[in-house]
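Engineer: Sequence first, predicted model second:
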Amino acid sequence: MQLCTFKLGDYFFGVDVEKVQEVIRHQEMTRIPLAKKEIRGLINLRGQIVTAVDLRLLLGLSKFSDSDEPMNIIICDDDGAVSFQVDEIGDVLDVDESSFEYPPETLKGIARELIQGAYKLTDRLLLVLDADKAVEVTA
């Protein structure tokens, strides 16, 4: 399995590379009045309007400050594209299924729904984000 990796705070995440359309730098966005707190706004991606989701807020971490310029991972599904805003983009990694562990029972809240599990790498854990469920939660 291949995962597109990224950082959120001190955490190292990955999403299935087949769900990723592209990775782009910070984009100017238009705020949406009365939107859910996780929705940062709309970005114009070469004429396509894409909703930008603050993954930090979605997972219960501290939000981006107004001066932060997060990176965007554009995720495609049947309904179009969504941008997951992250701190930093990593590499595409091949992971060994034998190093996969399901999330512990102690994981609570929305993170329990969105994190499929973790891969044990040599120097850290790679948390696997369920991109489809993350998009559903923000809809």
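Structural biologist: Sure thing, it's come through.
Engineer: quick one: furthest residue from the center of this protein?
Structural biologist: In the chain, the greatest distance from the average C-alpha position (C-alpha atoms, centre = their mean) is reached by Ser98, at 23.7 Å.
Engineer: for this structure, what spans make up the helices?
Structural biologist: Chain-ordered helices for the chain, with DSSP state H as the definition, fall at 55-58, 110-114, 131-138.
Engineer: What is the shortest one packed up against?
Structural biologist: Read it as helix 55-58. In this structure, helix 55-58 makes packing contacts with strand 80-86, helix 131-138, judged by 3 or more C-beta pairs under 8 Å, 6 or more residues apart in numbering; DSSP states H and E. For glycine as for every other residue, the C-beta is placed from the backbone atoms N, C-alpha and C.
Engineer: can you list the residues that contact the last one?
Structural biologist: By that I understand helix 131-138. Judged by C-beta atoms under 8 Å, 6 or more residues apart in numbering, the contacts made with helix 131-138 from elsewhere in the structure are 15-16, 19, 36, 38-39, 51, 53, 55, 58, 75, 77, 79, 82, 84, 110, 113-114.
Engineer: hey, C-alpha coordinates of stretch 22-34 in CSV?
Structural biologist: The C-alpha trace of stretch 22-34 is given here as CSV (Å, rounded to 0.1, in the frame of the first residue of the first chain):
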residue,chain,number,x,y,z
GLU,A,22,-2.6,16.7,-6.1
VAL,A,23,-0.6,18.5,-3.4
ILE,A,24,-0.4,22.3,-3.6
ARG,A,25,1.1,25.2,-1.7
HIS,A,26,-1.0,27.7,0.3
GLN,A,27,-3.8,29.2,-1.7
GLU,A,28,-5.8,32.4,-1.0
MET,A,29,-9.3,31.5,0.1
THR,A,30,-12.7,33.0,0.5
ARG,A,31,-14.3,32.6,3.9
ILE,A,32,-17.8,31.1,4.1
PRO,A,33,-20.2,32.7,6.6
LEU,A,34,-21.9,30.4,9.0
